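>>> Sequence plus the predicted model coming up.
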Amino acid sequence: MLRNNGGLAQSRADHCRIPRGRLRWAGVAQAIPEKAEKAQTVRYPVQAVERALAIIQLLADSPGLRPMGVTEVAGRLGVSKSTAHRLLTTLAGFNFVTRVEPAGKYRLGWALYQVAHRLPHAVGVHTVAQPLIRETAMRLGETVNLAVRYESRLVFIESCSAASGLKVETPRGLPQPLHNSAAGKALLLDLDEKAVRELCGARLEASTGNTLTTAEALGADLILSRRRGYTLDDEEAAEGVRCVGAPVRNHEGRIVASVSVTGPSQRLAGAKLEEAAACVRALALDISRGIGFLGDTTI
């Protein structure tokens, strides 16, 4: 999302080196029929736990996080109203859902946020990356992001913007496609075309006229990115927005995250684009070394 705060960034850094220093049941309306398939990967599935988690996912998928009543939840899960009521009241007791008065409906509770907020810190990369991302954002006067892969999607877990004037906001915590962003492409750099096809599919959804829509085109773009030294989103996720990215590697050399610099296309061009690319490469390497990587480049 582009947002104008008035004025343009006044300063640029001369260099970018930083000192060292779901349960996902697609369509919960069909959660119960899918349960048998899910249970094949769990040796001793507990039905009550499955249903409770399905309720959380159901409320999370509700448009605008709209609260739901007992009757609706029961109907969507295919259980009795008494069962749905017991599950909801139990979840409410731990603040994973909250009862909304006077309608008596339920929405997600703050305990979910408190638990989820701890996850990026537990991974390790977030703790190392956070101050470095902030410093890079200040140096460039643009938005800098940290992302991880969640199954076949991308999730931004950190974003810092130091842009004045027109700036780009990055939604955190929302699963997004891998193929149309620099951060997503950076997470795919170690995969060959076959693996990319298996992960993302043969046909890729178009967000703009510039989006790469086939696995072949994405594979060719990844080859170019490896040669170039960074990934590029040239208005592929959103019109008027350009982005450069690089992968973050752990002590085993495995890609565990990615970083990106995002800005309006009119500003992130020419020399400024090259500066951002140099900064994102340096940032990725510094974060990687902070979590044990010993190489000279993460690309």
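Nice, I can see it.
>>> pull the longest helix from this protein.
helix 270-290 (DSSP state H).
>>> quick one, strands of the stretch 151-299 of the chain?
153-161, 166-168, 231-234, 241-249, 255-264 (DSSP state E, counting those that start in this stretch).
>>> wait, which of these is closest to residue 58?
strand 153-161 (18.9 Å; CB to CB). Where you see a C-beta, it was placed from the backbone N, CA and C, and this is true even at glycine.
>>> what angle do the closest one and strand 255-264 make?
50 degrees (axes from the mean of the first three to the mean of the last three CA atoms, to 10 degrees).
>>> Quick check: which helices or strands does strand 153-161 pack against?
helix 125-140, strand 143-150, helix 182-187 (3 or more CB pairs under 8 Å, 6 or more residues apart in numbering; DSSP states H and E).
>>> For the longest one, what does the pLDDT average out to?
What that stands for is helix 125-140. Helix 125-140 carries an average pLDDT of 94.
>>> buried sites along that helix?
Under the neighbour-count criterion of 16 or more other CB atoms under 10 Å, helix 125-140 has 125, 126, 128, 129, 130, 132, 133, 135, 136, 137, 139, 140 buried.
>>> Test my guess that the third one contacts residue 285.
So the one you mean is residue 128. No: assessed by CB atoms under 8 Å, residue 128 is found out of contact with residue 285, at 11.9 Å.
>>> Give the next helix or strand downstream of the helix or strand bottoming out on mean pLDDT in the chain.
Ranked by mean pLDDT, DSSP states H and E, the helix or strand of the chain with the weakest confidence is helix 31-39, at a mean of 40. Next helix or strand after helix 31-39 toward the C-terminus (DSSP states H and E): helix 47-61.
>>> measure residue 109 to residue 88 for me?
11 Å (CB to CB, to the nearest Å).
>>> With residue 264 instead?
45 Å.
>>> When these two are compared, which one has more neighbours?
residue 88 (23 against 19; other CB atoms under 10 Å).
>>> quick one: what helix or strand has that one in it?
Going by DSSP H and E, residue 88 is part of helix 81-93.
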